[in-house]
Every structure is written in structure tokens, then in C-alpha cells.
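> Quick check, what structure comes out for this input:
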Amino acid sequence: MKHYIIPIFLPELACPNRCVFCNQYSIVTKQQLPKKEAVIQIIKQHLQSFVHSERCVELAFFGGNFTGLPEKMQRDYLALAQPFLESNQIQAIRISTRPDYIDAKRLSVLKSYHVRRIELGMQSSDAEVLSLSGRGHTFEDTKKATELILNKSFTLGLQMMIGLPGDTIKKSQKTAADIIRFNAHETRIYPCVVIRNTELENLYRTGTFQPLSLDEAVSQTAALHEMFEKSGVKVLRMGLHASDDLNGAALIAGPYHPNFAEMVFSHQWKKRFENVKIPKTDSLQIVVHPSQRTQAIGYKAENKHYLKQFAQKVRFVSDNSLPKNEFKMLC
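Next up is the predicted model:
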């Protein structure tokens with residue numbers, strides 16, 4: 001079954017403060033809350049573009065602090081989706097919000113409009129990182145929110161960010177471990193980048209903050225992804241969404257790349273090849289699961305080039321019987 005997302009982007013008008021890394025107007029490029037007619041039009045246009053008859057369609061309110069909006073406004077937006085749910089054109093609703101804007105009353109409103117998934121911008125579980133990043137919430141806020149969400153039988157997503165001010169590899173791994181410990185169903189891993197017109201830009205230009213390099217971000221994310229995969233937490237995304245702004249003047253510095261996830265998977269496979277003894281030979285055949293063939297070859301065929309130091313001819317072939325993260329090497 002094909003899974004489709006219909007994204008409705010809301011600016012951060014409901015956020016109580018501005019995080020040091022955030023200039024959401026640059027990322028989302030929508031400075032006004034979308035009107036009722038616009039939301040309905042977006043839904044209809046997406047539904048018409050979906051080609052699979054067997055599909056699960058999810059309406060997602062992204063980009064802001066949804067539960068920080070006035071309750072009437074929340075209800076108005078959620079009400080727009082109800083006819084599409086009743087006609088089974090849409091099967092689920094997802095919202096993203098902050099940990100400190102979750103309570104029993106807000107969850108009751110969401111439940112009454114058939115919201116199924118809630119994503120929280122956790123970012124980090126480290127108190128110093130949260131403070132230096134200007135998040136305005138605590139680790140305890142996140143812990144309390146996750147308990148409330150799971151007790152109401154929502155699907156829980158926890159987003160994390162690596163490379164924030166004060167962050168380290170050890171702290172990011174602790175955040176990932178906490179996401180797993182909190183029984184989150186889903187996560188997203190975002191590398192922190194420096195965006196124009198943010199406090200982080202000022203810190204960067206004065207030398208107070210240094211973002212991760214692209215290689216560092218890829219390596220750290222690869223390790224975190226493996227932690228989540230082993231624990232059964234679904235990684236929905238790695239890296240920031242591509243946009244004209246991030247490909248243009250809005251990005252000042254940091255590990256943004258439109259193919260970031262592809263680079264992460266490529267890095268994981270290179271590590272697997274590096275951890276085995278490869279004989280010198282004329283021809284080398286790497287057998288992998290079909291879903292992993294492109295990733296095993298690597299971003300810009302980097303893994304194939306690596307293997308060519310051992311063999312003049314390198315071929316990647318598919319075998320459905322192999323587990324996704326394993327391979328066979330035939331000389």
C-alpha cells in the first residue's frame with residue numbers, strides 16, 4: 001500500500017519564542033496562516049495527483065506549534081479534514097507541536113477530530129543544549145508530554161536535531177536513547193544549520209558557534225539511524241527538506257544537502273564493506289537485497305569506487321532472500 005502525505009504548512013505564529021536556529025519564514029516561505037479555501041484546495045489537488053488505488057493518505061499540519069494556536073483555530077483547521085475522513089479519501093491526520101503545549105485538554109480536542117499522530121520537536125534531551133538553543137522547554141516537559149500522548153493512544157513522533165549549540169556526539173546519542181526509552185514510534189533527525197536572520201547566524205559570525213561539517217553530520221546520523229533501526233523506531237526523515245531558500249541565500253553555513261539521506265545510507269554501507277576482509281581479485285560480485293542495491297553502490301557510486309581498489313570489475317546484484325542490511329561477496 002502506498003503512503004501519501006498532504007502537507008499543510010503553518011508559520012510559527014503560535015511559538016512563544018524564537019529558537020536560536022529558527023527563521024521559519026525562510027524555511028517555510030509562508031508568512032500567513034493559510035485560509036480555509038486554500039487548505040481545501042491543497043487537499044483536493046493532492047488527492048487528484050495520487051495514482052495508487054490502494055493507498056493510505058495522511059493530512060499533516062507541519063511547520064508550527066499547532067496546539068499553541070487558539071483552540072477555535074485548531075478546531076477550524078481540523079474540521080476541514082472531517083469530510084475527507086468520512087468519505088475515506090484521507091485516512092489519518094498528523095500534527096507537529098512543542099512538548100510544553102501538550103496537556104489533557106488539548107489532546108482531547110485532537111482526539112475528537114480523529115488526529116492519529118503527534119510529533120513533538122524534542123530536539124535534545126540535554127538541559128544545556130536546550131537552554132543554549134533557546135527552546136524554552138525542558139526535558140521534563142518532553143517526558144510528561146510523551147506519557148500523556150501515549151496514554152491517549154496516539155502515535156508518537158519525537159524529532160531530534162544534531163549539532164546544536166553545546167551538543168556533542170555523546171549528548172546526541174543520549175537523546176536518541178531517550179527517544180527509544182520514551183517508546184516513540186517515529187523520529188526525524190535534522191542537522192542544525194545556520195540560517196540567515198537568526199541568533200545562530202550572529203553566534204556563527206562572531207565565532208561562538210561552529211556547525212558540524214557535512215561529513216560529521218552524515219557520520220553521526222548514520223550511527224543514530226542504526227540505533228533507531230535496532231530498536232524498532234521508524235526514522236521518517238534524515239536531513240532538512242530541500243527548498244529554494246536553503247539552496248539559495250537563506251543558508252549561511254552548516255551540513256545541508258538535498259541528498260543527505262542518500263549520503264547517510266551510502267556511509268552505512270561503506271562501513272559494512274570496510275569491516276570485512278576483501279581479497280584482491282579480477283572480479284567482485286556484491287549480492288544485496290533489491291531495496292538496498294542503490295544504497296550499497298553508494299552516493300555517486302562512492303562504494304563501488306572504494307571496492308574497485310580490490311577488483312577491476314565490481315558488480316552489484318539483487319537477492320530477495322537476503323536480509324536488508326546484509327550482503328554476500330562472490331569472487
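
> Now Met227. Nearest residue, chain neighbours left out?
In space, Met227 comes closest to Ala176 once its chain neighbours are excluded; the distance is 5.0 Å by C-beta to C-beta, 6 or more residues apart in numbering. Just so you know, the C-beta spots here come from the backbone N, C-alpha and C atoms, and that holds for glycine as well.

> Doesn't the one you found lie inside a strand?
No: per DSSP: H, G, I helix; E, B strand; the rest coil, Ala176 lies outside any strand segment and is helix.

> That one: what's it in contact with?
160, 187, 224, 227-228 (C-beta atoms under 8 Å, 6 or more residues apart in numbering).

> Counting only strands, which of these make the cut?
Among the contacts of Ala176, DSSP state E puts 160, 187 in strands.

> The contacts of Ala176: which two are farthest apart?
Met160 and Met227 (11.0 Å; C-beta to C-beta).

> Tell me who's in contact with Thr283.
Slight slip there: residue 283 is Ser, not Thr. 311-315, 331.

> again with Phe21
133, 161, 164, 192-195, 198-200.

> per-residue pLDDT, it?
As predicted, Phe21 sits at a pLDDT of 84.

> did I read that right, it in a helix?
No: under three-state DSSP, Phe21 falls outside any helix and is assigned coil.

> picking up where we left off before, dump the contacts of Ala176 to TSV, plus distance to Ala60 and pLDDT.
Formatted as TSV, the contacts of Ala176 follow (distance: C-beta to C-beta, whole Å; pLDDT from 0 to 100):
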residue	distance to Ala60	pLDDT
Met160	18	98
Thr187	15	98
Leu224	23	98
Met227	25	98
Phe228	20	98
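
> out of the contacts of Ala176, who's nearest Leu148?
Distances from Leu148 to these, taken by C-beta to C-beta, are shortest for Thr187, at 18.3 Å.

> does the closest one really touch Gly157, like I thought?
Yes: using C-beta atoms under 8 Å, Thr187 is in contact with Gly157, at 6.4 Å.

> Can you pull the residues that touch both of the two?
With C-beta under 8 Å, 6+ apart as the test, Thr187 and Gly157 both reach Leu236.
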